[in-house]
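Next comes the sequence, and after it the predicted model I'd like to discuss.
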Amino acid sequence: MLLDTPSRYELQQLTSELNALYAELIDDDRLEEWPELFVSDCVYTVISRENFDRQMDTSAIYCDSRGMLVDRIVSLRKANIFPVHAYRHILGPTRMVSTTGALAKTQTNYAVLMTRTDGHTTIYNSGKYIDEIDLSGERPLFRSKIAVFDTNLIDTMMVRPI
């Protein structure tokens, strides 16, 4: 559905800001705030492009509720052992694919750089976000976020959200 120009730009701005905040929370290690960007019955998936294109359900990360997102962060903080590193997201423009009522479907290309404690920076992951964003509340929230990654080799354990 094509919207009139002002409404389309306003929605695009809201959804772009949501993705920017999403990346900021991950990059600034404010992971405890990250689940608040999702509705309670959300779906969050990180899946290879090959599996996505073949419509295979096998994914690197799959969570089907905000509670599972919270559990993932608690596990990351308390149970997982992994090399210390920092992420930096580089996001392309968010493209409004469609809107139906209070649901927007968008797509955003991304690259995630990883810097280790030795100062070495590499491209950790790249791909696209396919999002369904609930616009019915006071602020937009992700109903579904799928990170479809092109990177075939994951350098270290995938512990943080992409």
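Thanks, I have it. Numbers count the residues shown, from 1 in each chain.

Point out the other elements, helices or strands, that the longest helix along the chain touches.
For the chain, the longest helix by residue count, based on DSSP state H, is helix 5-27. The contact analysis (3 or more Cβ pairs under 8 Å, 6 or more residues apart in numbering; DSSP states H and E) places helix 5-27 against strand 85-91, strand 95-100, strand 103-116, strand 121-134, strand 141-149. C-betas here are computed from N, CA, C, even on glycine.

Run through this structure and note the low-pLDDT ranges.
1-6, 80-83, 155-157 (pLDDT under 70).

coming back round to it: name the stretch among the helices and strands packed on helix 5-27 that sits most buried.
The highest mean neighbour count among those, using mean count of other Cβ atoms under 10 Å, belongs to strand 141-149: a mean of 21.

Next secondary structure after the longest helix of the chain?
Helices and strands here follow DSSP states H and E; after helix 5-27, the next one along the chain is strand 38-48.

Let's have the helices and strands packed on helix 5-27 in CSV, adding distance to residue 22.
Shown next, in CSV, are those (distance: least, Cβ to Cβ, whole Å):
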stretch, distance to residue 22
strand 85-91, 8
strand 95-100, 16
strand 103-116, 10
strand 121-134, 8
strand 141-149, 8
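
which stretch among the ones you listed comes nearest residue 76?
With Cβ to Cβ, the closest approach to residue 76 among the helices and strands packed on helix 5-27 belongs to strand 85-91: 12.4 Å.

Among the helices and strands packed on helix 5-27, which comes closest to residue 160?
Nearest of the helices and strands packed on helix 5-27 to residue 160, taken as Cβ to Cβ: strand 85-91 at 6.2 Å.

Distance from the closest one to the middle of the chain?
Centroid separation between strand 85-91 and its chain, computed with Cα atoms, centre = their mean, to the nearest Å, is 12 Å.

What angle do helix 5-27 and that strand make with each other?
Calculated by axes from the mean of the first three to the mean of the last three Cα atoms, to 10 degrees, strand 85-91 forms an angle of 170 degrees with helix 5-27.
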